[in-house]
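Engineer: fold the following for me, if possible:
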Amino acid sequence: MKAFLKYLTLFLVGGAFYYALEVLFRGYSFLAMAGCGGLCFIICGVINEKSRCMPLVLQQLIAASGITVIEFIFGLILNVWLGLNMWDYSNMPGNILGQICPQFMVLWFFLSAIGIILDDVIRWRLFGEEKPHYHLFKKGHHRK
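Structural biologist: Residues are numbered from 1 along each chain as shown. Below is the predicted model of the structure:
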């Protein structure tokens, strides 16, 4: 039950932030994007659960890739298959089917650091998990 509550909390926090981010920058969003954001936030959080010594930059790269894949899948289902036309990146250089583009993957790289840290703080403060600690590139070795 605790695991369900934890992931539900993380999903809702991520969904709310994603939705709010879209409203802030686009002026509107869609409820389905809260679901997309919830999944993206969970992806950001589970990356370093097995290996706490993974450099933050590598976590960000994996998270940005995962977010881009999730957005592509959501775009194919919601925009292409269901025809909801929630977004269209066809005018962006390097886009794939108008659903994703490299420019947003770069944005996700930087925003994912916030998601990773927020996820870790929620897990630490609300669910008693390990206190977060980070290193940007490579874990330092201690000399004896």
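
Engineer: low-confidence regions, the chain specifically.
Structural biologist: Counting by pLDDT under 70, the chain has low-confidence residues at 139-144.

Engineer: quick one: the helices in it?
Structural biologist: 2-26, 31-46, 56-75, 102-127 (DSSP state H).

Engineer: elements contacting the third one?
Structural biologist: Contacting helix 56-75 under the criterion 3 or more C-beta pairs under 8 Å, 6 or more residues apart in numbering; DSSP states H and E are the following elements: helix 31-46, helix 102-127. From N, CA and C alone the C-beta is placed, and that goes for glycine too.

Engineer: make a markdown table from those and add distance to residue 63 and mean neighbour count to it.
Structural biologist: Listed next are the helices and strands packed on helix 56-75 as a markdown table, based on distance: least, C-beta to C-beta, whole Å; neighbours: other C-beta atoms under 10 Å:
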| stretch | distance to residue 63 | mean neighbour count |
| --- | --- | --- |
| helix 31-46 | 5 | 21 |
| helix 102-127 | 4 | 17 |
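
Engineer: which among those is found nearest to residue 17?
Structural biologist: Among the helices and strands packed on helix 56-75, the nearest to residue 17 by C-beta to C-beta is helix 31-46 (6.4 Å).

Engineer: middle-most residue in the chain, spatially?
Structural biologist: The centre of the chain sits closest to residue 40, judged by C-alpha atoms, centre = their mean, with a distance of 3.5 Å.

Engineer: ok, now which ones touch that one?
Structural biologist: By C-beta atoms under 8 Å, 6 or more residues apart in numbering, residue 40 lies in contact with 14, 18, 63, 66-67, 70-71, 115.

Engineer: how about 6 Å then?
Structural biologist: 67, 70 (C-beta atoms under 6 Å, 6 or more residues apart in numbering).
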